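Participant: Please find the sequence and the predicted model below.
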Amino acid sequence: MSDQTNQTTYWKSLNELAQNEEYQKFEQREFTENASELTDQVSRRSFLRVMGASVALAGLASCRKPVQKIITYSRQPEDLVLGEPNFYATAMPFQDTQTGLLVTNNEGRPTKIEGNPDHPSSQGRTSIYNQASILELYDPDRSRSARHNGDSVSIYEFYDFLVNHFENRDRSVLFVDEQSSSPTYHRLKGEIVNTFANAEWVTYEPFSDFNVIEGINMAFGRRLRTLNHYGEANLVVAIDHDFMSPQGDKNSVENSIELTNRRRVTSTNDDMSRIYSIENTFTNTGSYADHRLRLKSSEIAPFTFALAARLSDRVSGLEAFSGVSNAFTSHEWVENLANELIAQSGNAIITAGYQHSKEVHAAVAAMNAALQNAGNTVTYLEVPFLNDRDERAAFVEAMNGAAAGNYDTIVILGANLKYNAPADLDIESILGNIETKIHLGSYYDETAKLCNWHANQAHFLEAWGDGRAYTGEQSIIQPQILPLHEGTSAIEVLASINDGERREGYEVVRETWNSDNSDNFERIWQQILHDGISANAGYSAAQVTIAASLGTEISGALQQQPLEGIEIAVKPDPKLFDGRFSNISWLQELPDPMTKVTWDNVALMSPATAEAIGIDTKRSFRHNDVPVVRIDTGSEVIEIAAWVEPGHADNSITLTAGYGRESLGRVADGVGVDVYPLLNSNAPFYQVAEVSPTGNTFEIACTQDHHSLEGRDMVRAASLDEYRENPRFAHFSSVHGFEVPGIAEALEEGDERGPVSLFNETYGPSDQPQWGMTIDLNSCFGCGVCTIACQAENNIPVVGKREVSRRRIMHWIRVDRYFEGDQNNPRAYHQPVPCMQCELAPCEEVCPVVATTHSEDGLNQMTYNRCIGTRYCSNNCPFKVRRFNFFNYAKEYLTTGDDPEIIQMAMNPDVTIRFRGVMEKCTYCVQRINRGKIAAKKETGSRKPADGTVQTACQQACPANAISFGDLTDQNSNVSVNKRNDRNYVMLEELNVRPRTSYLARLTNNNPELLA
Amino acid sequence: MSKTYEYVPEPALVKGNHNFADITAMVTDISLRPTPKPWYIAFGIANLLLLVLLVSVGYLFWEGTGIWGLNQPVGWGWAIINFVWWVGIGHAGTLISAILFLFRQGWRTAINRFAEAMTIFAVMCAGLFPAIHVGRIWVVYWMFPLPNSMALWPNFNSPLLWDVFAVATYFTVSLLFWYVGLVPDFATLRDKVKSKAGKLIYGTFALGWRGSNRHWWNYEKSYMTLAGLATPLVLSVHTIVSFDFAVSVIPGWHTTIFPPYFVAGAVFSGFAMVLTLMIITRKIYGLEDIMTDDHIEKMNIIILVTGTMVGFTYLMEFFIAWYSGVEYEKAIFILRATGPYAWAYWIMIACNVLSPQFFWSKKLRRNVAFTFVISIVVNIGMWFERFVIVISSLSTDYLPSSWGYYSPTIWDVSTYIGTFGLFFTLFLLFLRFMPVIAIAEVKGVMPQADPHNYDEETGEYVPPRVTVPEPIYNKTTHRENS
């Protein structure tokens, strides 16, 4: 490695030393003349040349180099083999956390994101936001240039202005930013606040854990971050907290990994933790929980206080809550939870949703402390950059100050105030009071349009940066590509403001990391870049005790009553979060984890509420049209499609934010309804509203029209006790309700294999691996990351709302969601369904042109070139996993817009783009299999790669580790072990199609008392 | 054995006491007289519809099968429904010509030419759909076993491939059979036509027919042979079409009753279509004496029989679904009758099972207007039968998660309507330029063709009762062929 790097650094230093004219020009321009081609038309050839050159000059760890000269490939760069991807570690910032990633880089363009296995927040896994961020990079609608009063200007002009403007250090500047975990960012922020005496700095996020921190402050007297160890707890009480989904918890990936590990059952000896979920709308966590109680959002606080009050009788420390009496005091759940929590004292977690009031969080923190969970299963972390103030209040105060004309300059870093600030703040007029408005953002969005200056923010995959994981581990964000549109990063802007000259992100980050000028720095730096994580420990845990002031501070809130009538609750969208991912078509087209609705937000309500409002609760199988309701909060009125969701709390309506964009980008515009006008800075996220049907209907594209299993056994489930009693409950059962004849007798004689077959049951030659997959339904909680990972890996086109509503979605792996039981309070099951890779595949029999065949290693292959598109295979597939290119989707997807080549760069070069009229489906990621087989053949001479070396995209992304994949001929492979699990079953066994993909039955750890 | 049986003489197959020349004249007049105005109007309409087809198919080729209402899970829609429907209609011709020929049913001669033409045109309309419904039309020839350098053959396991062979064979044999039967009549036309071009064209198709004994001997043999060849095809083609469904694993498709069920349904719909066309044609061209009410009644009886068979299979499907104990089978049949497509199912039952029951009444089955209505109702019902089979099974199969509703688009409808344009364009050309009735064969079954000149009961000589009417044409100008 280092020779090259050192050389190049040296070479650069020489120039630097010389300060020659060329170099100065070059410093100004940031990129060489050749590289500036990138600003507009990224032709792949010039792009390759640029990137190739960078790689050539760089060295091992980083792919965007400090080196800025362009030379052509005169010699093949050492670490670049054309056609072989390279993998680089980086990290994705998200609010004030970040996730360690490993990016697949093909000839200089990043194409796929995986979790960094060495990083604690990802452990090799990812969330849908991580997976989709690759498409964000190549989003042609991202802001492509800096702007001054709406006109495009070069980034140099922007920086000229910026440096000039901030030469005056007495300016009264308001900085409004989004949360960041970056040490460099916080260093610069500190320096700027020092330099600019009249500066105010506030942070705004529509959805974040501000209330959690305030609640902890109330309970413990300090502002700390909660870290729940789901892997260690026996009992989890989630109070309206979707901690497994990325919109509900900043640490969702790690939470999911830990929780599903804790609940992994390999034999009857294993046990599971028990999860209780109390929530208004059905969430992933709620569907994964063993017991779920549906409560209105406004009932959550009284419920929490009632629980704390009940516990206060039995443990010390909760005196603040004793005597609270409300509707839930004698609720059976409160009684049961109190018993369980005390029984599991020190082994339980109580957690509440970010949006709930600080009093709820104070109660939760106090309960965790009183029950000895704190310090055991719950850790409170000291996060150095947390300000000792209520960020929400500070923001509102600063905006009011701005309205009063206190500031001459506002610098908005990423925050989209116009779109998502509380409705009672008139952002347009506030900004009108400020003379100079500077905006940095990825999109030329609603807020950017109100500003004098806009700089296009570089994507995290194209700019240097750093940050800390939720638990504090530090990583460097290593760009994977030069900025496609000359974007710049927040740290570059801040450093330039502070230093009075334009700064390079690379240097700024290095300054932070090399604060002590260590001799060894270069080596450490390379190591961190390579590993994607520094050796430094994370945030330190704080010792907490319940503050004496809790009682007085909280007493005012304890008598809180639920809202009368119908409440509406505004929540972040599972797919678009607060709207920052609105223009990512993969996410727009991803079916919502619970409703399976794509391309829209809907007003979720229970069947009973819908009936009360006067909406037909029976959704027609024939039509996609759903009724539209009018929601009137007194100050705002919106009209939105109503969606009846079984299991939703009655008299409560959930709305998700992030939709209703008007001029953000081609994907986001016109999709859904903006619900931000319903949020106010002084009100909770729920409020009373008048809801009435409008009589109109609206077409909704939902990917699953039927929500009941109809008594069929696609999903098999049992309680943990039932499983221990009858470990083979999922076995040989068929839809007829009888066991296959001969099974019982065979089992009695100790024959595990079941009835004797007259046919040869083995498949394929012995020198080939035989691929198989198991999907553990006891782990899957339906997040949908498998779908997005597959879409990214396999170049699956986005087809748009119209086509989805015609049931032509292209996803190769879908997550089916079934409701079971009472429609008011059902249990929900998730079941990912990829191609089953049947050994006796019905699709293969019927293709008239042999376009789908079986490989020797057991794959049901699709030969696109041979397919003529009769769709017979799809008709004959019992699992309906095949997808047809009814139109030339790929062409539409890849050649639309003014700059189609950008989106083309996101494509995986190993996977064919499918043409109109051909069938496609899951291949078990055959490109990865073959890469693995070739590598194994080279290394060992065997065609069988070692277990774990070949991972499918869905498997690799899954934060629940629900999918295992591997060679069935290897008795020790993970998949073989899983196939021998008692709970292993295949869907539609009676068809004898012999699927290679099987499922492990779902288990629930029920509390018998609550069931009775 | 002392019992004696009364001989019931069959009613004459050709009414109106025509002589041979009259028959020739009646049929050839259609082609030889100037084109009537209504024909032009009808042909114009048919051409417009044909244009609709061309536009629909052109747009389909340009845009892809996405213009249809197809989706996931319903990968086959109107195209395949129409295919099966047209193939079914195409059944009557060969059944009438071949099977009734082998069974020596003399009454077939009045309608066989007509029915065979309908068959060929219907099969052409049918064959269009499997070709155009594929995603990549430009490589549709890969369905055929064409030798190629990559040694790639089609999948001989696939029912769709069997379809290609079955329909192609059926079409070829039907066409040959039709043509062979046409040869003597082409010769008649050749002899009667005035224009040079007409003589050349008819003469070419007449293959030098002179009506010699040897010609007749060869003709009879080849006709018999082709009838023998065509007979199994009548059963095989719709059996194989039914295999498209029966061989699959989809509940509601995977049914052993399908082959006989499809064949019965095909005969049912084919006869209905023949009736529809025949009732119009015989009225317009004044052929009621050849295509008599007796013919209509006989065909109505077949419609009654096959319709009831079809009704029986509907019941059997339910019984077997219940008796098999297979959850999915039960579910699909219950869903057919009560689910999202119940409307289609009950249209099917009403049209196919209930409407033919009127034909138990002799009065109704001899009522031409009523027959005409029922014949159309039957074909509507048979279209819905295919709709129910294709769509409902796919839309609600194994995994409830993949259930989905299918709705056609304007292009599905226009393509279907367009095929009527193709069908009627061809059919009108046939009516205009070809002998719509097998002249030679009809003459063979006329009372005049069997001049026994003795009393069947007593065996005593009686002079011919036939009175010869005034000839319509001057017979001296040409020679009679039979």
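Facilitator: Noted; the coordinates are in hand. All of these numbers come straight from a predicted model, not from anything done at the bench. Numbering: from 1, shown residues only, chains lettered A, B, ... in the order given.
Participant: B:Ile284 against B:Pro38, yeah?
Facilitator: Yes. With contact defined as Cβ atoms under 8 Å, B:Ile284 and B:Pro38 form a contacting pair (7.3 Å). C-betas here are computed from N, CA, C, even on glycine.
Participant: Find the closest residue to chain B in the stretch 451-600 of chain A.
Facilitator: Here the residue of the stretch 451-600 of chain A nearest chain B is A:Lys596; by Cβ to the nearest Cβ that distance is 8.8 Å.
Participant: check contacts around that residue.
Facilitator: By Cβ atoms under 8 Å, 6 or more residues apart in numbering or on different chains, A:Lys596 lies in contact with A:Cys702, A:Thr703, A:Gln704, A:Arg817.
Participant: if I look at it, how far off is A:Thr787?
Facilitator: 11 Å (Cβ to Cβ, to the nearest Å).
Participant: which residue sits closest to the most centrally placed residue in chain B, ignoring its sequence neighbours?
Facilitator: Chain B has B:Gly90 as the residue nearest its centroid, 3.3 Å off, counting by Cα atoms, centre = their mean. Closest residue to B:Gly90 apart from its sequence neighbours, by Cβ to Cβ, 6 or more residues apart in numbering or on different chains: B:Ala122 at 3.8 Å.
Participant: Could you spell out which stretches of chain A belong to which domain?
Facilitator: Domain assignment for chain A by automatic domain parsing gives A:2-142+A:458-531, A:146-205+A:414-456, A:225-381, A:567-702, A:717-754+A:771-1004.
Participant: More neighbours: B:Ile284 and B:Pro38, which one.
Facilitator: Neighbour count, other Cβ atoms under 10 Å in any protein chain shown: between B:Ile284 and B:Pro38, B:Ile284 has more, with 14 against 9.
Participant: count of residues packed around A:Val315?
Facilitator: Using other Cβ under 10 Å, A:Val315 has 16 neighbouring residues.
Participant: What is the burial count for the closest residue to it other than its chain neighbours?
Facilitator: Among residues not flanking A:Val315 along the chain, A:Ala370 sits closest, at 4.8 Å (Cβ to Cβ, 6+ apart). Neighbour count for A:Ala370, taken as other Cβ under 10 Å: 23.
Participant: could you list every residue that touches A:Ala370?
Facilitator: Taking Cβ under 8 Å, 6+ apart, one finds A:Leu311, A:Ser312, A:Val315, A:Ser316, A:Gly317, A:Leu318, A:Ile546 in contact with A:Ala370.
Participant: List buried residues within those residues.
Facilitator: A:Leu311, A:Ser312, A:Val315, A:Gly317, A:Leu318, A:Ile546 (16 or more other Cβ atoms under 10 Å in any protein chain shown).
Participant: Run through the helices of the stretch 451-600 of chain A in chain order.
Facilitator: Counting by DSSP state H, counting those that start in this stretch, the segments of the stretch 451-600 of chain A that form helices are A:490-499, A:505-513, A:521-531, A:550-554, A:585-589.
Participant: er, the stretch 601-750 of chain A I mean
Facilitator: Under DSSP H, counting those that start in this stretch, the stretch 601-750 of chain A gives helices at A:607-613, A:720-725, A:743-748.
Participant: Please save the CA atoms from the second one in PDB.
Facilitator: Just to be clear, that refers to helix A:720-725. Only the C-alpha atoms of helix A:720-725 are listed here, as PDB (Å, rounded to 0.1, in the frame of the first residue of the first chain):
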ATOM      1  CA  LEU A 720     -43.000 -21.300  22.600                       C
ATOM      2  CA  ASP A 721     -44.800 -23.700  25.000                       C
ATOM      3  CA  GLU A 722     -46.600 -25.400  22.200                       C
ATOM      4  CA  TYR A 723     -43.300 -25.700  20.400                       C
ATOM      5  CA  ARG A 724     -41.700 -27.300  23.400                       C
ATOM      6  CA  GLU A 725     -44.600 -29.700  23.600                       C
END
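Participant: what about the residue of chain A found nearest chain B, which SS state?
Facilitator: Here chain A gets closest to chain B at one residue, A:Gly869, 2.0 Å apart by Cβ to the nearest Cβ. Three-state call for A:Gly869 (DSSP: H, G, I helix; E, B strand; the rest coil): coil.
Participant: Run a quick neighbour tally on it.
Facilitator: 27.
Participant: What sits closest to it if chain neighbours are left out?
Facilitator: B:Gly135 (2.0 Å).
Participant: list the contacts for the one you found?
Facilitator: A:867-871, A:884-886, A:916-919, B:64-65.
Participant: these two touch, right, B:Leu54 and B:Thr415?
Facilitator: No. Between B:Leu54 and B:Thr415 there is no contact, the gap being 10.3 Å when judged by Cβ under 8 Å.
Participant: Show me which of those two is the more surrounded one.
Facilitator: B:Thr415 (27 against 13).
Participant: pLDDT score for that one?
Facilitator: For B:Thr415, the pLDDT comes out at 93.
Participant: So it, which state does it fall into?
Facilitator: helix.
Participant: could I get the domains of chain A as CSV with mean pLDDT?
Facilitator: Conversion of these to CSV gives the following (pLDDT from 0 to 100):
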stretch, mean pLDDT
domain A:2-142+A:458-531, 72
domain A:146-205+A:414-456, 89
domain A:225-381, 90
domain A:567-702, 88
domain A:717-754+A:771-1004, 87
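Participant: out of those domains, nearest to B:Ala131?
Facilitator: With Cβ to Cβ as the measure, domain A:717-754+A:771-1004 is the member of the domains of chain A nearest B:Ala131 (10.4 Å).
Participant: And that closest one, end to end?
Facilitator: 8 Å (Cα to Cα, to the nearest Å).
Participant: Show me how far the least confident helix or strand in chain B by mean pLDDT is from its chain's centre.
Facilitator: Lowest on mean pLDDT, DSSP states H and E among the helices and strands of chain B sits helix B:91-94, with a mean of 81. Relative to the mean C-alpha coordinate of its chain, helix B:91-94 is positioned 4 Å out (Cα atoms, centre = their mean, to the nearest Å).
Participant: Just give the number of residues close to the nearest residue to A:Thr863 once chain neighbours are set aside.
Facilitator: Once flanking residues are discounted, A:Thr863 sits nearest to A:Ala851: 4.9 Å by Cβ to Cβ, 6+ apart. For A:Ala851, the neighbour count with other Cβ under 10 Å is 23.
Participant: Contacts only, for A:Ala851.
Facilitator: So A:Ala851 contacts A:Met862, A:Thr863, A:Tyr864, A:Arg866, A:Cys867, A:Ile868, A:Cys873, A:Met919 (Cβ under 8 Å, 6+ apart).
Participant: Filter those residues down to just the buried residues.
Facilitator: Counted by 16+ other Cβ under 10 Å, the contacts of A:Ala851 give A:Met862, A:Tyr864, A:Arg866, A:Cys867, A:Ile868, A:Cys873, A:Met919 as buried.
Participant: hang on, the third one is in a strand, isn't it?
Facilitator: This means A:Arg866. No. Assignment of A:Arg866 by three-state DSSP gives coil, placing it outside any strand.
Participant: ok so, going back, now the helices of the stretch 451-600 of chain A as JSON lines including distance to A:His439 and mean neighbour count?
Facilitator: Shown next, in JSON lines, are the helices of the stretch 451-600 of chain A (distance: least, Cβ to Cβ, whole Å; neighbours: other Cβ atoms under 10 Å in any protein chain shown):
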{"stretch": "helix A:490-499", "distance to A:His439": "10", "mean neighbour count": "24"}
{"stretch": "helix A:505-513", "distance to A:His439": "18", "mean neighbour count": "20"}
{"stretch": "helix A:521-531", "distance to A:His439": "31", "mean neighbour count": "16"}
{"stretch": "helix A:550-554", "distance to A:His439": "38", "mean neighbour count": "18"}
{"stretch": "helix A:585-589", "distance to A:His439": "24", "mean neighbour count": "25"}
